[in-house]
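1. Sharing a sequence plus its predicted fold:
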Amino acid sequence: MQLSNEMKPTKKTLFLRKCKIYQFYRFIRLNSKILRVSQFPPKHEK
Amino acid sequence: MAKVVVIGAGFSGQTAALYLKKKLGAKHNVTMISPWPRFTYIPSLVWVGIDRMKPEKVMFELAPVLQKKGINFIQAWARSIHPDDQYVTIETKDGEIQKVDYDYVINATGPHLNFEGTEGLGPDEGNSHSICNIHHAKLARDAYLEQVKRMEKGEKVKILVGTGHGQATCQGAALEYITNIHNDLVKRGLRDRAKIMWISNEPQLGDLGVGGVCASKHGYIMKSEQFMKSLFAEQNIYYQVQTAVKKVEKGKVYWENYDGEFGETEFDFAMLIPQFKGTKIKYIDKDGQDITDRLTNPAGFLKVDGNYGKPWEELKASDWPRTYQSPYYKNMFAAGIAFAPPGSVSKPHTTKNGTVITATLPRTGMASGIIGKVAALNIVDMIEGREPSHKESMAEMPGACIASIGKSIWNGSAASIIMYPVVPDYERYPDYGRDLKASGLEIGLAGAWIKRTLHTMFIYKMKGNPGWSFIPE
């Protein structure tokens, strides 16, 4: 069993993850991303 | 009047039945067969398993919903499918054997939880737990709460979560469970009394059975391996990957790793996902011969229009099924977990002792719903005299895994993992197999809101409430 010590989040990241205003913005962005990818998936490219 | 039978009432079965009835109306007959009287929203069982959600919140009775929609519901086990004579043999809860005729059939039975594939695995043996169905989730919850009581008395406990077989899938569900346990113990002020450990068959952390996910982040390409290492570092979770659990005893798992080394890990509470196999439905031809082996792959999943038999290195995106129609019987389809994938996405591995350690592709949730819809619409095409025109390969399908890290909509969190396509296509995307613009890896409260929204929206959709078809799968 290993215990990683890599890339622990900084205080700023932890704050942003809980910040309601920023997270509301991320909620809109993530939802639109999920909807965009599911409804209008990237077109086939050669 | 065409008779369509849907076997199974999970995500794919329920989606298929709703679309069939919506498109076919009263002119044709749609019947659903399921041994369970209720629909269960499986993704929320992680919360039931730690007593953060009541079991009744993740279920609803199928009969009134289906009756309102004009779909016949038979509560019974499907025992055999007779594709030449076009009927399904069912066994009711009274043990009565009946025949149900069909013109078209969808096998959407979900998995057989193959606990017997690992000695001592599963709640029936009493050595480990599972959150794969509501009964198991309730047992896991009770066992987990016993450990919580021990910790409240000041005892230290070891909690082990992950996969219980070398070829298990659904690492995402186990990941949600382990991070929810961490979060629950933090809230209870008991986190320092638990050693939480992750054990899995993934080739590397964050593989999740999809070969890992890459996403563009802060100007770099981040792999889900780094993402998961960061999460486990933050939550102080020990991990061991490339491992097949071989045997579970009370308080101890015996495992074998990639190098063929054997070892053991002690635990006080273990939740280990079993291998998924096809449900034990027999396929019988007109002469009474069992043709299950011809129609299904070795794991018992129904073969559809995929390209089977290729070695992993040669598998391409174009080999993945698109219509989910059986090549042997054109009126037979498979949806959700029940269809046979042409291979794994994660790199397969066999140890020097011959043990296969390969994380298999999850086909649950979003993929299940999409495939259920595709199978239903293809049957509608055939009933209306057309060739199946609806195609959605998993190599063209988006995937979104919102892995809860805490249920609360005030201070909860979730890891949002978005990918396109689910099965990497190295011809279209030579570098990473996926479109990095469409992929995402992120942790935060927004994910907890999405997870909670999905719970409400999908239960609304699965009940066939007004506007259900506008909610994407």
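-> Yep, it's here.
2. Give the closest residue to residue 18 in space, chain neighbours not counted.
-> Just going to use chain A. residue B:445 (5.9 Å; C-beta to C-beta, 6 or more residues apart in numbering or on different chains). All C-beta spots, glycine's among them, are computed from the backbone N, C-alpha and C.
3. think we crossed wires, I meant chain B
-> Per C-beta to C-beta, 6+ apart, closest to residue B:18 is residue B:464, 5.3 Å.
4. Tell me the residues of the stretch 351-473 of chain B that contact chain A?
-> B:366, B:396-398, B:400, B:411, B:413, B:416, B:418, B:420-421, B:428, B:435, B:437-438, B:440, B:442-447, B:449-450, B:453, B:472-473 (C-beta under 8 Å from any C-beta of the partner chain).
5. count of residues packed around residue B:394?
-> 24 (other C-beta atoms under 10 Å in any protein chain shown).
6. ok, now how distant is it from residue A:33?
-> Relative to residue A:33, residue B:394 is positioned 19 Å away (C-beta to C-beta, to the nearest Å).
7. Tell me the buried residues within the residues of the stretch 351-473 of chain B next to chain A.
-> B:366, B:396-398, B:400, B:413, B:416, B:418, B:420-421, B:428, B:435, B:438, B:440, B:442-447, B:449-450, B:473 (16 or more other C-beta atoms under 10 Å in any protein chain shown).
8. Just those residues: which are in strands?
-> Under the assignment DSSP state E, these contribute B:400, B:413, B:416, B:418, B:440, B:442, B:443, B:444 to strands.
9. hmm, back to that, would you agree the residue nearest to residue B:18 is in contact with residue B:64?
-> No. Look at residue B:464 against residue B:64 with C-beta atoms under 8 Å: they stay out of range, at 10.6 Å.
10. of the two, who's got more company?
-> Set residue B:464 next to residue B:64 and count neighbours by other C-beta under 10 Å: residue B:464 wins out with 18 against 11.
11. and the more buried one, helix, strand or coil?
-> coil (DSSP: H, G, I helix; E, B strand; the rest coil).
12. Spit out the contact partners of it.
-> The contact partners of residue B:464, by C-beta atoms under 8 Å, 6 or more residues apart in numbering or on different chains, come to B:18, B:65, B:68, B:69.
13. 10 Å instead, please
-> Shown in contact with residue B:464 (C-beta atoms under 10 Å, 6 or more residues apart in numbering or on different chains): B:14, B:17, B:18, B:21, B:22, B:65, B:66, B:68, B:69, B:71.
14. Buried ones among those?
-> B:14, B:17, B:18, B:21, B:65, B:66, B:69, B:71.
15. and the gap between residue B:467 and residue B:400?
-> 21 Å.
16. send the alpha carbons of stretch B:212-228 over as PDB?
-> C-alpha atoms of stretch B:212-228 as PDB (Å, rounded to 0.1, in the frame of the first residue of the first chain):
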ATOM      1  CA  GLY B 212      -7.600   6.900 -17.800                       C
ATOM      2  CA  VAL B 213      -8.700  10.300 -18.900                       C
ATOM      3  CA  CYS B 214      -6.600  13.300 -20.000                       C
ATOM      4  CA  ALA B 215      -7.700  16.900 -19.800                       C
ATOM      5  CA  SER B 216      -6.200  20.300 -20.500                       C
ATOM      6  CA  LYS B 217      -5.700  22.100 -17.200                       C
ATOM      7  CA  HIS B 218      -3.800  25.300 -16.400                       C
ATOM      8  CA  GLY B 219      -1.900  25.100 -19.700                       C
ATOM      9  CA  TYR B 220      -0.900  21.400 -19.100                       C
ATOM     10  CA  ILE B 221      -2.300  18.100 -20.100                       C
ATOM     11  CA  MET B 222      -3.300  16.400 -16.800                       C
ATOM     12  CA  LYS B 223      -3.900  12.700 -16.500                       C
ATOM     13  CA  SER B 224      -6.500  11.200 -14.300                       C
ATOM     14  CA  GLU B 225      -3.700   9.300 -12.600                       C
ATOM     15  CA  GLN B 226      -2.200  12.600 -11.300                       C
ATOM     16  CA  PHE B 227      -5.700  13.800 -10.500                       C
ATOM     17  CA  MET B 228      -6.500  10.700  -8.400                       C
END
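17. quick check, it touching chain A?
-> Yes. With C-beta under 10 Å from any C-beta of the partner chain as the criterion, chain A is reached by stretch B:212-228 at B:222, B:225, B:226, B:227, B:228.
18. now the helices for chain A?
-> A:11-18, A:20-39 (DSSP state H).
19. quick one, what contacts the nearest residue to residue B:209 once chain neighbours are set aside?
-> Excluding the flanking residues, the one nearest residue B:209 by C-beta to C-beta, 6+ apart is residue B:359, at 4.3 Å. Residue B:359 makes contact with B:163, B:166-171, B:200-204, B:207-211, B:241-242, B:344-349, according to C-beta under 10 Å, 6+ apart.
20. tell me the pLDDT at residue B:359?
-> pLDDT for residue B:359: 94.
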